[in-house]
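A.B. asks: fold the following for me, if possible:
(one chain, ligands or ions: 1)
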Amino acid sequence: MTAAAGKRILLIVGGGIAAYKACELIRLIRKAGMSVRCVLTDGGAQFVTPMTLAALSEQPVHTSLWDLKDEAEMGHIQLSREADLVVVVPATADLLARMAAGIADDLATTLLLATDKPVLAAPAMNVRMWQHAATRRNVERLRADSVTVLDPDEGPMACGEFGPGRLPEPEAILAALQSALKPAFPSSAVEKHISTSLDTNGAIGKHVIVTAGPTHEPIDPVRYIANRSSGKQGFAIAEALVRRGARVTLVSGPVALPTPSGVTRIDVETAGEMAAAVESALPADAAVMVAAVADWRVEPSASKIKKRGSTPELSLTENPDILAGLCGHAQRPKLVIGFAAETDDVVENARLKRTRKGADWIIANDVSGDVMGGTRNRVHLVTADGVEDWDDMPKEQVAALLADRIADALA
Ligand code: CTP
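C.D. replies: Numbering: from 1, shown residues only. The predicted structure follows:
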C-alpha cells in the first residue's frame with residue numbers, strides 16, 4: 001500500500017490511440033490501493049469501450065453530459081468534486097486546447113471546468129502537433145492555471161514519426177499522480193498553522209522564499225550585465241511548493257514568465273534589490289535560492305556611455321552573496337537550499353559550496369549544455385549525508401521531487 005491508498009481518481013479518457021494505455025493505468029491505480037471512476041469522451045470511445053473501462057475499474061463509466069440517469073443520481077458537479085484528483089489520459093491536442101480555453105461542450109470538459117480538485121494531464125499526440133505554437137501556448141496557459149501537464153515521451157509514434165509526443169508510460173503517470181496527491185505538510189501541521197497564523201492572503205502552511213531568474217546589473221541607462229538564466233526552474237519550484245500547501249514568496253529577477261497562481265511575487269532587477277527583497281520576506285521556514293545572481297556589479301553611469309573612439313574600462317565590485325548572508329542571518333530559515341550551476345567537477349564544487357556558504361542542501365547542476373534556458377535538468381542533491389544523483393528530467397519534475405523533499409524535511 002502507498003501513501004495515496006484510499007484516494008479517488010476521476011480518469012478522463014481522451015480520443016487518441018494511446019487510450020489503450022489508460023486501461024493499464026486503471027490497473028496500476030487500483031493496485032496502488034486507489035479507486036478510479038472513468039469518463040470516456042466520444043473520441044476515446046473510438047479506441048476503447050465503456051465496457052472495458054467499467055470492467056477494469058469496477059465502477060460505472062460516464063460518457064454523456066445529457067445522461068439524465070446520471071444527472072439524477074450524480075450530477076456533473078458532484079462527479080467532478082468527489083474525486084481527489086482529476087487525471088486526463090491521453091490529453092489530446094484538441095482536449096488541451098479546449099481545457100485552456102475553458103470550453104465546456106461535453107461531459108469531460110464540463111467536469112474539468114467544474115472541478116475544485118487538482119488536474120493532471122498526460123499528453124499524447126503527433127510530434128508536430130505537440131510542437132505547434134498553438135499547443136505550446138495552450139500547455140503554457142494550463143500550467144500557469146496550475147494544471148500539471150506532463151511532458152510526453154520521445155520515441156517512435158503510432159503515426160510513423162519520431163519525436164516527443166508519446167504518452168508517458170503508465171508507471172510514470174502513476175508516479176506523477178501519486179506525487180500530485182501528496183500533501184506537502186502533514187495535516188496536523190497545517191491544522192496547527194490554520195489556528196495560529198492565518199495570513200492576510202488566507203494562505204495556509206509553511207512559508208518558503210524562492211529566488212529565481214538572473215539579475216541585471218546596470219552599466220548605464222541602456223546596458224547591463226546579465227546571464228542566461230530563464231527562471232523556469234525557480235518558477236516551477238515555487239509552483240510545486242504552492243501546490244503542496246506552502247505559502248511562497250517568489251523573488252524574481254527580470255524574466256518573461258507568468259506568476260504561478262497562489263504565489264506572492266516580488267520583482268527585482270539587481271542583486272542588491274534581490275538581497276533586500278529576501279530580507280524583507282523573512283521570517284520563513286525554508287528558502288530555495290535558485291537565482292543566478294550576477295557576481296559583480298559596476299557603478300552605473302547616469303548617462304549613456306558614448307563610444308567616441310575609446311573603450312570604457314568597467315570596474316567590477318563583488319555583489320553581496322545572498323545565500324551566504326541568509327545562512328548567517330539571525331532569522332535563518334530552518335532549511336536553506338542553494339543551487340550550484342557548474343561546468344566542471346560539478347559535485348565536488350557543489351560540496352565545497354555547501355560548506356562555504358553554510359547551506360543545508362545544494363542542488364548541483366551541470367550547465368555546460370543547454371540547461372540554462374532549457375526545459376530539462378539533471379541535478380545532484382548534495383546534503384550533509386552525501387550525494388543523490390537524480391535522472392535527467394523536465395524541470396517541473398525536479399521541482400515536484402524537491403518540493404516533496406522540502407515538505408518531508410519541514411514536517
Ligand atoms: N548566490 C547568491 N548570491 C550571489 C551569488 C550566488 O545568493 N551573489 C546563490 C545562488 O542563488 C545559488 C548559489 O548561491 O543558490 C550558488 O551560486 P553560484 O553562482 O553557483 O555560486 P557562486 O557563489 O557565484 O560561485 P562561483 O561563481 O564561483 O561558482
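
A.B. asks: could you use CA atoms for every contact and neighbour count after this?
C.D. replies: Will do.

A.B. asks: quick check: residues of this protein near the ligand?
C.D. replies: Residues of the chain found near the ligand (C-alpha under 6 Å from any ligand atom) are 289-293, 295, 319-323, 338-341.

A.B. asks: which members of the residues you listed occur in helices, if any?
C.D. replies: Of those, the ones assigned to helices by DSSP state H are Ile322, Leu323.

A.B. asks: show me where pLDDT drops low in the stretch 251-400 of the chain?
C.D. replies: Counting by pLDDT under 70, the stretch 251-400 of the chain contains no low-confidence range.

A.B. asks: in it, which spans are helices?
C.D. replies: Here the stretch 251-400 of the chain has its helices, by DSSP state H, counting those that start in this stretch, at 271-281, 322-327, 346-357, 395-410.

A.B. asks: now the second one: buried residues?
C.D. replies: By 16 or more other C-alpha atoms under 10 Å, the buried positions in helix 322-327 come out as Ile322, Leu323, Ala324, Leu326, Cys327.

A.B. asks: how about the first one?
C.D. replies: By neighbour count, and taking 16+ other C-alpha under 10 Å as the criterion, the buried residues in helix 271-281 are Ala271, Gly272, Met274, Ala275, Ala277, Val278, Glu279, Ala281.

A.B. asks: how about stretch 30-39?
C.D. replies: So stretch 30-39, judged by 16+ other C-alpha under 10 Å, has buried residues Arg30, Ala32, Gly33, Met34, Ser35, Val36, Arg37, Cys38, Val39.

A.B. asks: gap between the two ends of it?
C.D. replies: 16 Å (C-alpha to C-alpha, to the nearest Å).

A.B. asks: repeat that for stretch 84-99.
C.D. replies: One end of stretch 84-99 sits 19 Å from the other (C-alpha to C-alpha).

A.B. asks: before we move on, what about stretch 321-336?
C.D. replies: 14 Å.

A.B. asks: go on, stretch 121-139?
C.D. replies: 10 Å.

A.B. asks: before we move on, what about stretch 86-102?
C.D. replies: Start-to-end, stretch 86-102 (C-alpha to C-alpha) is 16 Å.

A.B. asks: go through it and flag the buried ones.
C.D. replies: Neighbour-count burial for stretch 86-102 [16+ other C-alpha under 10 Å]: 86-93, 95-100.

A.B. asks: list just the nearest of those residues to the ligand.
C.D. replies: For the buried residues of stretch 86-102, the minimum distance to the ligand (C-alpha to the nearest ligand atom) is 33.1 Å, reached by Ala100.

A.B. asks: measure the closest residue to His380 other than its chain neighbours to Arg378 for me?
C.D. replies: In this structure, His380 finds its nearest non-sequential neighbour in Asp389, 4.5 Å apart by C-alpha to C-alpha, 6 or more residues apart in numbering. Plainly put, Asp389 is 8 Å away from Arg378 if you go by C-alpha to C-alpha.

A.B. asks: so for the two, which residue has more residues nearby?
C.D. replies: Arg378 (18 against 13; other C-alpha atoms under 10 Å).

A.B. asks: show me what contacts the more buried one?
C.D. replies: Contacts of Arg378 were listed using C-alpha atoms under 8 Å, 6 or more residues apart in numbering, and they are Asn365, Asp366, Trp390, Asp391, Asp392, Met393.

A.B. asks: got those residues as CSV, with distance to Arg351 and neighbour count columns?
C.D. replies: Listed next are the contacts of Arg378 as CSV, based on distance: C-alpha to C-alpha, whole Å; neighbours: other C-alpha atoms under 10 Å:
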residue, distance to Arg351, neighbour count
Asn365, 12, 21
Asp366, 14, 20
Trp390, 16, 13
Asp391, 19, 11
Asp392, 20, 12
Met393, 22, 14
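
A.B. asks: restricted to strands, list those residues.
C.D. replies: Asn365, Asp366, Met393 (DSSP state E).

A.B. asks: quick one: the first one and Gly338 touch, right?
C.D. replies: Read it as Asn365. No - Asn365 is beyond contact range of Gly338, at 11.1 Å (criterion: C-alpha atoms under 8 Å).

A.B. asks: which element, helix or strand, includes the nearest residue to Cys23 once chain neighbours are set aside?
C.D. replies: Using C-alpha to C-alpha, 6+ apart and skipping the chain neighbours, the partner closest in space to Cys23 is Leu53 (6.7 Å). Per DSSP states H and E, Leu53 falls inside helix 50-57.

A.B. asks: what residues does stretch 52-66 touch?
C.D. replies: With contact meaning C-alpha under 8 Å, 6+ apart, stretch 52-66 is reached by 23, 26-27, 30, 35-42, 50-51, 70, 76, 106-107.

A.B. asks: could you check stretch 327-340 and say which residues are buried?
C.D. replies: Those buried within stretch 327-340 under the rule 16+ other C-alpha under 10 Å are Cys327, Arg332, Pro333, Leu335, Val336, Ile337, Gly338, Phe339, Ala340.

A.B. asks: quick one on the thing from earlier: would you convert the buried residues of helix 271-281 into a markdown table that also reports distance to His216?
C.D. replies: Output for the buried residues of helix 271-281, formatted as a markdown table (distance: C-alpha to C-alpha, whole Å):
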| residue | distance to His216 |
| --- | --- |
| Ala271 | 8 |
| Gly272 | 10 |
| Met274 | 10 |
| Ala275 | 13 |
| Ala277 | 15 |
| Val278 | 17 |
| Glu279 | 19 |
| Ala281 | 21 |
